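> sequence? don't have it. structure:
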């Protein structure tokens, strides 16, 4: 083994280039593991699944209630009690189910 050849390791020693490369790879793996680690929200009630649940709840409760209020108001002014209220209540129920279906098709990440 020639001592002038930079590609050769001296007898009994460890190649400093391999040690440096090993340290760099270990640091890169550590940084990548930290970067790609699953992030847990600080509050367990702050994730996207909880947000979707709240949207479903508001769709199921809010749309029929909104249809009921608007139908009641139309009935008061038009004198068609209780038909507009019933029609808009059932349309609100259908709209709530449609909205719930759309929310359920979204992907939770």
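Nice, I can see it. From a predicted model like this one, the values you see are computed outputs, not experimental measurements.

> Tell me how far the closest residue to residue 83 other than its chain neighbours lies from residue 67.
Using Cβ to Cβ, 6 or more residues apart in numbering and skipping residues adjacent in sequence, the residue nearest residue 83 is residue 75, 7.2 Å away. Bear in mind the C-beta positions are built from the backbone N, C-alpha and C, glycine included. As judged by Cβ to Cβ, to the nearest Å, residue 75 and residue 67 stand 12 Å apart.

> Just give me the longest helix of this protein.
Taking DSSP state H as the criterion, the chain has its longest helix at helix 48-78.

> What helices and strands are in contact with that one?
With contacts taken as 3 or more Cβ pairs under 8 Å, 6 or more residues apart in numbering; DSSP states H and E, helix 48-78 sits against helix 83-104.

> what number of residues lie near residue 20?
For residue 20, the neighbour count with other Cβ atoms under 10 Å is 10.

> And it, its phi and psi?
phi -60, psi -40 (degrees, to the nearest 10).

> before we move on, back to that, just want to know which of residue 75 and residue 67 has more residues nearby.
residue 67 (23 against 18).
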